[in-house]
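> Quick one, fold the following:
(chains A and B)
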Protein chains: 2
Amino acid sequence: MTTRLLDACLGKPVDATPVWLMRQAGRYLPEYRVLREKLSFIEMCRRPDVAAEITLQPLARFDLDAAIIFADILLPLEGMGIGFHFAAGDGPVIERTVRAAADLTGVHVGDPRTDTPYVLEALRLVARELGGRVPLIGFAGAPFTLASYVVEGDHSRQFAEVKKLMFGEPATFKRLMDLLADTVIAHLLAQIEAGAQVLQLFDSWAGTLGPRDYERFAAPHSQKVLDAVSGRGVPVIHFAGGSVGMLAQVRAAGGDVVGLDWRIDLDRAWAELGEGVAVQGNLDPAVLLGPPDEVERHAADVLRRARRRPGHIFNLGHGVLPATSPDTVARLVEFVHDWNGEG
Amino acid sequence: MTTRLLDACLGKPVDATPVWLMRQAGRYLPEYRVLREKLSFIEMCRRPDVAAEITLQPLARFDLDAAIIFADILLPLEGMGIGFHFAAGDGPVIERTVRAAADLTGVHVGDPRTDTPYVLEALRLVARELGGRVPLIGFAGAPFTLASYVVEGDHSRQFAEVKKLMFGEPATFKRLMDLLADTVIAHLLAQIEAGAQVLQLFDSWAGTLGPRDYERFAAPHSQKVLDAVSGRGVPVIHFAGGSVGMLAQVRAAGGDVVGLDWRIDLDRAWAELGEGVAVQGNLDPAVLLGPPDEVERHAADVLRRARRRPGHIFNLGHGVLPATSPDTVARLVEFVHDWNGEG
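Down below sits the predicted model:
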């Protein structure tokens, strides 16, 4: 068993830099597309055997240091009384958006055992299959990111509605965030029980807030989640997209590891985060669309800035893009593992 | 005449903090929507009398410290041999995207006098009408931001195509950037001649690049533009969206003023930028959708961080959102001017 990822999460020295990639199981893999032709995205999530198979697909190809369960951050919403579906282009659409207090009628804290038993079953299947070869990562969306979907109704650019609610109806916004935080806690704890050995909290839209609004409106709820799942022997990675201007606030909210996007030099970010925290990142996923020399150049830059300091997990700054070649991913994983700190 | 804006651009003390807002002429104004019902967006740009009227609309309502010409950063493309149109939701669509060397056949440096004479005429009309009451701002898109549209073909989330070209066909990418930079220079110089007293370079998508790729692929072209238009008595504002992790690189590219989005505290950003440069920003435009006390709270935070240090221009971190109430804008402008450095 490789304990690289677990060791790096805790800031311990490792024999090689651990590497996994956000969306490592996904559309860039032909074997994923074969399944996707037969099943909708949501069906793929809801069938534990299929979700387990997809989770393991990249592990069969690449020497990755972790598996991450195939699922979606929106899955817990339905059990809360917030329906959604995935539209044609796989974009999520919330069936009844929450934009006022009355919209919260009937919305309640979810229960992973009854709402998403298929995710827990998929985790158990994967954990069994992996047999401890590499750790299995479970995950959930952070309350603010989930609230963004619930209030906006779909992928948004401006986040105007969620901020309007946040500023204009802070009590309703807080009620929504409380419901989401409690639901996320229940889901993450159930994932630990089902075999997740590492957790990642995805706050993909944190960076649409300025530092002071993040601190006031989003961070306390992330902190509640991170506090509730900490101290159980399962390291937690806290990824907040677009947050390079508020890394201190992100760290203060919690997590053993802070996940970085690519919009800042890794060494500078780590210096800002300070001692006692691991970092994950931070290659621009679009680099993988370029030729091998550009991939190596960029990966080497990240690794050079990390200086093989204990506590670095190599990853992209966002998910693998669908146009990425699997060969490029194979070379990247090898390059990271072979990195000897020189060059 | 108020010289507040010009003085602030040069770091000189002012009697009150100058304020203007990106997209201050736009859909949130009912008088704009009246015109928009009769004319398409592009027709509004192409009719100098209409563009001049729209430019002046917010000045008639609010005590703003500058006018900004009503136009669009994509207007120069057509004269370069790159056709585009605005689709239903006002989103731009490029008719023939550039994704390989062959796609540059027939693409050439534009000439503002023959390509967009209507913009220059609108500038002359507005300059005459203003009679020097407040300065008139001209603008252009930065080469990387324009290239993003030209390569992606429309609004993009991932910027996968432009980066693929940048990494995979650097010579073609550079040729496109050279053509865009030379075109932008010609347009900005013509705008000065037509009466623009301040310029803003919009690099809206700079922040989709990491610091090192920005430095390699985008900044040299912005710098070429900024160098070419500097030293003509017309201050230049350099706005690079999402660039909080690479402010040093943005500053190094040039400009008398660096425009900030809201994703970083203004005082921290200014400290990173160092001495000898003015800053513009940095209120989250979504705050204006909130109640008056939230608007004041956020505006006061920006002003407090600026400490009335000479060289601060108050603005949003992005354009005014269409759902914004004009009354809120009126109160904001008054609040900024009345700010006495306390509270």
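
> Flag every residue of the stretch 101-250 of chain A that's near chain B.
Contact residues, the stretch 101-250 of chain A versus chain B (Cβ under 8 Å from any Cβ of the partner chain): A:158-160, A:163-164, A:166-168, A:207, A:209-213, A:242, A:244-246. Bear in mind the C-beta positions are built from the backbone N, C-alpha and C, glycine included.

> Buried subset of these, written for ChimeraX?
In ChimeraX, a selection of the buried entries from those looks like this (16 or more other Cβ atoms under 10 Å in any protein chain shown):
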select /A:158,159,160,163,164,166,167,207,209,210,211,212,213,242,244,245,246
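
> Which pLDDT does the model give A:Gln200?
On pLDDT, A:Gln200 comes in at 98.

> how close does it get to chain B?
A:Gln200 sits 21 Å away from chain B, going by Cβ to the nearest Cβ, to the nearest Å.

> Now do the buried residues in the strand or helix carrying that residue.
Secondary structure from DSSP states H and E places A:Gln200 in strand A:198-203. By neighbour count on 16+ other Cβ under 10 Å, the buried set for strand A:198-203 is A:198-203.

> Could you do stretch A:265-276 as well?
Those would be A:265-270, A:273, for stretch A:265-276 by 16+ other Cβ under 10 Å.

> same check, this time on stretch A:142-155
Going by neighbour count (16+ other Cβ under 10 Å), the buried part of stretch A:142-155 is A:142-153.

> Please flag which of these sit within strands.
Taking DSSP state E, every one of the buried residues of stretch A:142-155 sits outside strands.

> Adding pLDDT, write those out as a markdown table.
Formatted as a markdown table, the buried residues of stretch A:142-155 follow (pLDDT from 0 to 100):
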| residue | pLDDT |
| --- | --- |
| A:Ala142 | 98 |
| A:Pro143 | 98 |
| A:Phe144 | 98 |
| A:Thr145 | 97 |
| A:Leu146 | 97 |
| A:Ala147 | 97 |
| A:Ser148 | 95 |
| A:Tyr149 | 94 |
| A:Val150 | 95 |
| A:Val151 | 95 |
| A:Glu152 | 92 |
| A:Gly153 | 88 |
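
> ok, back up a step: and which of the buried residues of stretch A:265-276 is nearest to A:Val295?
A:Leu266 (16.4 Å; Cβ to Cβ).

> wouldn't that closest one be in contact with A:Ala299 here?
No. Using Cβ atoms under 8 Å, A:Leu266 and A:Ala299 do not qualify as a contacting pair, with a distance of 11.4 Å.

> Could I get the pLDDT score of A:Gln158?
At A:Gln158, the pLDDT value in this model is 83.

> Over to A:Glu342?
pLDDT at A:Glu342 comes out at 65.

> Could you check how far the residue of the stretch 1-150 of chain A found nearest chain B is from B:Arg305?
Per Cβ to the nearest Cβ, A:Gly91 is where the stretch 1-150 of chain A lies closest to chain B, at 10.5 Å. Taking Cβ to Cβ, to the nearest Å as the measure, A:Gly91 falls 37 Å from B:Arg305.

> cool, A:Leu59 as well?
Here the criterion is Cβ to Cβ. By it, A:Leu59 lies 48 Å from B:Arg305.

> A:Leu226 now?
For A:Leu226 relative to B:Arg305 (Cβ to Cβ), the value is 28 Å.

> So between the two, which is more surrounded?
A:Leu226 (21 against 18; other Cβ atoms under 10 Å in any protein chain shown).

> Now for that one: which residues touch it?
Each residue near A:Leu226 by Cβ atoms under 8 Å, 6 or more residues apart in numbering or on different chains is listed here: A:201, A:236, A:238, A:253-255.
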